[in-house]
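**Q** need a 3D model of the following:
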Amino acid sequence: MFDPNDNEAGMKLLEDLTTNAHHFQQQALKEILSNNAATEYLSSFLNGHSDMKLFKERVPIVKYVGGLDQGKAMYLLFVKPEASTPSGLRARPVLTSYYKSDNFRKRPFNRYNVYTSPDETILCDDTKQSMYCQLLCGLLERDHVLRVGAVFASAFLRAIKFLEDHWEELCCNIRSAQLSQWISDPTCRNAVSSLMLKPNPELADLIETQCRERSWEGIIKRVWPKTKFIEVIVTGSMAQYISTLEFYGRGLPLVSTMYASSECFFGINFKPLSKPCDVSYTLIPTMAYFEFLPVVAPADNNDRKDSITGCSNKEQVVVDLVDVKLGHYYELVVTTFTGLYRYRVGDILRVSGFHNKAPQFRFVQRRNVVLSIDADKTNEEDLLQAVGKAKEVVEAVGFLVTEYSSYADTSSIPGHYVLFWELKSKSGGAYSELELNQDVMEECCWRVEESLDSVYRRCRAKDKSIGALEIRVVKEGSFDALMDFCVSQGSSLNQYKTPRCIKYEAGIIILESRVVARFFSQKLPSWEPPCF
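**A** Below you'll find the predicted structure:
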């Protein structure tokens, strides 16, 4: 049995897997087909055979299987209450299933995964009680914490916001060794109370001193002084949180360790201390059978080459793991041991290198996340980069863009892009104290437009088919309200990510009701006809 504490054995295993990637891929597919040939789905295509060539010829690539397109899950310590299907099966997110399984609850000791949170606090269905108790345990273990994090950057920042709102109560609990009465879950109470054996006013004073500071810049290192890094996903749409994480972390490395989803585990980051913009994941060939649909970047030389417009292959030419090409873009297709066959995950990846024979990929975006008014098609990465340019303007005058989303407003003619921004002062001042400079915010609007692709700029500057971009500043906590609404409608807190484009009316209404200021671009973006 593999010992997770044996570093040398682990590296030898990875070298073998990546050196012989083709062999292990063929072996994985052979095992999947042999085990599942008699299933109803595969039998309908293969008639009980397990031939790999027939599989690729006859089994179609599919976009959607009900209940599986629920986003990504890489690392979070929360569970969601279960539901039951009409047939009596339990329906729950993948992390909830894992945390409630013996694989988690009876996991062997691994020194890299010793948590400050007792399992009882992780398995609590009440999100607020779970968050409070896990933070309290983390504070009690202040001197032993070497890393902090969550799966997604957004979830970790929500925890920091929770600490901002509840630090006084948490310190009171530590000072008195008495847990707040509103924590009603008995397993949580027992687990946390067993860690607070006696009052600790010294620890409470230390935490209180740091949290009372007007600015929370560097708060992570101040509260947990031995912390070496922040472990969160900061690729894809999570990249927009990098500046906020850097503000709270003040020099702490941001580490993205793995790439996984509800469908299966995909790969790992061999260079966890690399910069967020350089993070690549090496797909492990024994996790699933991987195939790739080529995706083409736009040919317009005025556009960025990493801007993805969609899959251009009409005949769906499929590429095997070991046959992908450096610098090319692909959509990931998986066949798993648990019953997904040629399933389109919806992730767009770019080949960034190779480790032995195994390719390494950078996550680019989710498929077809776009804003569109006319001929323009703005995807998630385009928007992220454009907002990033505008964020430089507000950061220069002391603000952080802590959250953003967008929608295409077609209620007026011509329609226009609307961005909802939630801001925070670097100095730690209350939101009511913020004075938004109109010139600065209008410059932000223009920066976003100037950073979008040539099709958008042509529609805006020449065709006049798109109106001036608008930024609507919302009050603090607005995006928490949006998340709370989504969770109340059945979304998993574990897997929730702020939508960068809101396509449902209720979400727009939630943010619109919290708008405190509106700004429009006062200049047209630059555009010139492309030269061929």
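**Q** low-confidence ranges in the stretch 401-532 of the chain?
**A** Applying pLDDT under 70 to the stretch 401-532 of the chain flags residues 413, 429-434, 494, 530-532.
**Q** can we see that at 80?
**A** Low-confidence segments of the stretch 401-532 of the chain (pLDDT under 80): 410-414, 427-435, 463, 465, 490-496, 503, 529-532.
**Q** next: the stretch 101-250 of the chain.
**A** 101, 103-105, 107-114, 151-155, 235-241.
**Q** 70 instead, please
**A** Counting by pLDDT under 70, the stretch 101-250 of the chain has low-confidence residues at 109-112, 237, 240.
**Q** so how far is the strand ranked longest in the chain from its chain's centroid?
**A** Scanning the chain for the longest strand, with DSSP state E as the assignment, gives strand 343-355. Chain-centre distance of strand 343-355: 16 Å, with CA atoms, centre = their mean, to the nearest Å.
**Q** same for the helix or strand immediately after that strand in the chain, what does it pack against?
**A** The helix or strand immediately downstream of strand 343-355 is strand 358-366, counting by DSSP states H and E. With contacts taken as 3 or more CB pairs under 8 Å, 6 or more residues apart in numbering; DSSP states H and E, strand 358-366 sits against helix 7-19, strand 281-283, strand 343-355, helix 380-396. For every residue, glycine as well, the C-beta is placed using N, CA and C.
**Q** partners of the second one, with directions?
**A** I take that to be strand 281-283. Pairing partners of strand 281-283, with direction, according to DSSP bridges: strand 265-268 (antiparallel), strand 358-366 (antiparallel).
**Q** list the contacts of the first one.
**A** Applying CB atoms under 8 Å, 6 or more residues apart in numbering, the contact partners of strand 265-268 are 257-260, 281-284, 287-288, 290, 332, 334, 361.
**Q** number of nearby residues for Y259?
**A** Using other CB atoms under 10 Å, Y259 has 25 other residues around it.
**Q** would you agree it falls within a helix?
**A** No: with DSSP: H, G, I helix; E, B strand; the rest coil as the criterion, Y259 is strand rather than part of a helix.
**Q** could you pull out the strands in the stretch 51-200 of the chain for me?
**A** 83-84, 90-91, 147-152 (DSSP state E, counting those that start in this stretch).
**Q** do you know how far E141 is from D320?
**A** Distance, E141 to D320, using CB to CB, to the nearest Å: 46 Å.
**Q** list the contacts of the nearest residue to E213 once chain neighbours are set aside.
**A** Of all residues not flanking E213 in the chain, G428 sits nearest, at 7.1 Å (CB to CB, 6 or more residues apart in numbering). The neighbourhood of G428, defined by CB under 8 Å, 6+ apart, consists of E213, R214, S215, W216, E217.
**Q** from those, pick the one nearest T96.
**A** Distances from T96 to these, taken as CB to CB, are shortest for W216 (31.2 Å).
**Q** where's the closest one relative to L157, distance?
**A** To L157, W216 is 11 Å away according to CB to CB.
**Q** quick one on the thing from earlier: pick out the most distant pair among the contacts of G428.
**A** Longest span within those, CB to CB: R214 and E217, 9.8 Å.
**Q** neighbour count winner among those two?
**A** Neighbour totals were compared for R214 and E217, and E217 leads with 17 against 9 (other CB under 10 Å).
**Q** got a list of what the more buried one touches?
**A** By CB under 8 Å, 6+ apart, the contact set of E217 is F247, Y248, R250, K426, G428.
**Q** now the fourth one: closest residue in space that isn't a chain neighbour?
**A** Taking CB to CB, 6+ apart as the measure, K426 lies nearest to G398, with 4.9 Å between them; neighbours along the chain are not counted.
**Q** neighbours around that neighbour, how many?
**A** Burial of G398 is recorded as 13 neighbouring residues (other CB under 10 Å).
**Q** any chance of the strands of the stretch 51-200 of the chain in CSV, plus mean neighbour count and distance to I466?
**A** Below are those laid out as CSV (neighbours: other CB atoms under 10 Å; distance: least, CB to CB, whole Å):
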stretch, mean neighbour count, distance to I466
strand 83-84, 10, 42
strand 90-91, 12, 42
strand 147-152, 22, 31
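**Q** would you turn those into a markdown table with distance to S184?
**A** As requested, those are exported to a markdown table (distance: least, CB to CB, whole Å):
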| stretch | distance to S184 |
| --- | --- |
| strand 83-84 | 22 |
| strand 90-91 | 24 |
| strand 147-152 | 24 |
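**Q** these: which one's closest to T378?
**A** Among the strands of the stretch 51-200 of the chain, strand 147-152 comes nearest to T378, with 22.4 Å by CB to CB.
**Q** the closest residue in space to I284 that isn't next to it in sequence pairs with what?
**A** Spatial nearest neighbour of I284, excluding adjacent residues (CB to CB, 6+ apart): G267 at 5.4 Å. Judged by DSSP bridges, the bridge partners of G267 are Y259, L283.
**Q** my guess is D3 contacts K12. True?
**A** No: counting by CB atoms under 8 Å, D3 sits too far from K12 to count as a contact (12.0 Å).
**Q** could you give me the buried positions within the longest helix along the chain?
**A** Assignment by DSSP state H gives helix 153-176 as the longest helix of the chain. When burial is assessed from 16 or more other CB atoms under 10 Å, helix 153-176 yields the following buried residues: 153-163, 166-167, 170-171, 173-175.
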